[in-house]
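Engineer: Structure for the following, please:
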Amino acid sequence: MSRFYVDDILAPGTEVELPDAVAHHTVRVLRLRDGATVTLFNGRGGEYDGRLHIVGARTSAVLGRHIAIERESPLAITLVQAWVAADKLDWLVEKAVELGVTGLILVPTTRSVVQLDNARRERRVRRLREIAISACCQCGRNIVPQVAAANTLRDGLEAAADSDRLGLLLAFDATESVVTAVGAAASISLVVGPEGGLESAENSLATHLGYRPVSLGPRILRTETAGLAAIAALQATLGDMR
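Structural biologist: From the prediction side, this is the model:
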């Protein structure tokens, strides 16, 4: 089933014109024809059956029933990720969404190889939000995770901190396992530093804000691998991979 995100009000029995990018992908890339069955969602809950209606250059979908289904994990994970190179970050965001994260906060760190001014940062965040939407289309999620960028590491850590949320900090020299540290938590904020890790002062800041250093084992993983490995471990322990 072809799934598409449409940022519009959707309702059974109505016809909605597809945005240009979605229409192009539908007709030119997937080569779907008039009358083809599709699924539409708008990120506001559930999904809709639909049939394509193609007349000339106009592509729309006639909506059928609303299906109140979500494919969210019972474990809410917010990933606080240090900026990394664009190709790695694109891949990381896509896979993190597939693995079920509920939100991503990108943070600058001293050792980050990527340093962006405000304009470039906003462009990158818009691009990453599009990747998150595409990942939801692929994996069946109807709720699109939030993707945001913090001005500073402190801002990002504080935004993800919450009295009801367990804060974890991946650290290669930690003695506690990420799996044993979670207990019965239902909401987790996971901090992943850049290549080379966070500096001492940054680690101290995170622990001061309540983040517990945890380990993924004896091997040192790349930053784009570490977060995804931890998310998969957490989903297998407390989430929907049990």
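
Engineer: how's this protein carved up into domains?
Structural biologist: 2-67, 76-237 (automatic domain parsing).

Engineer: Just the mean pLDDT for the longest one, thanks.
Structural biologist: Same thing as domain 76-237. The average pLDDT within domain 76-237 is 95.

Engineer: So what's the gap between stretch 233-241 and the chain middle?
Structural biologist: Its chain's C-alpha centre and that of stretch 233-241 lie 16 Å apart, by CA atoms, centre = their mean, to the nearest Å.

Engineer: Need the residues that contact it.
Structural biologist: Under the contact criterion CB atoms under 8 Å, 6 or more residues apart in numbering, stretch 233-241 has outside partners 73-75, 77, 99-100, 178-179, 182, 184-186, 188, 190, 216, 232, 242. Quick note: C-beta positions are derived from backbone N, CA and C, even for glycine.

Engineer: same deal with stretch 159-178?
Structural biologist: 76, 78, 80, 103, 105, 148, 150, 157, 181-183, 185, 187-193, 197-198, 203, 206-207, 209-217, 220, 226-227, 230, 233-234.

Engineer: CA atoms of it as PDB?
Structural biologist: Below are the C-alpha coordinates for stretch 159-178, written out as PDB (Å, rounded to 0.1, in the frame of the first residue of the first chain):
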ATOM      1  CA  ALA A 159      14.500  20.700  26.800                       C
ATOM      2  CA  ALA A 160      14.700  16.900  27.000                       C
ATOM      3  CA  ALA A 161      14.800  16.800  30.800                       C
ATOM      4  CA  ASP A 162      11.700  16.100  32.700                       C
ATOM      5  CA  SER A 163      10.900  14.800  36.200                       C
ATOM      6  CA  ASP A 164       8.900  11.900  34.600                       C
ATOM      7  CA  ARG A 165      11.600  11.100  32.100                       C
ATOM      8  CA  LEU A 166      14.700   9.000  32.600                       C
ATOM      9  CA  GLY A 167      17.800  10.800  31.300                       C
ATOM     10  CA  LEU A 168      20.600   8.500  29.800                       C
ATOM     11  CA  LEU A 169      24.000   9.600  28.500                       C
ATOM     12  CA  LEU A 170      25.900   7.200  26.300                       C
ATOM     13  CA  ALA A 171      29.500   7.100  27.600                       C
ATOM     14  CA  PHE A 172      32.200   4.600  26.500                       C
ATOM     15  CA  ASP A 173      33.700   4.500  30.000                       C
ATOM     16  CA  ALA A 174      30.400   4.100  31.900                       C
ATOM     17  CA  THR A 175      30.000   1.000  34.100                       C
ATOM     18  CA  GLU A 176      26.200   0.700  34.000                       C
ATOM     19  CA  SER A 177      24.600  -0.900  31.000                       C
ATOM     20  CA  VAL A 178      21.900   1.000  29.100                       C
END
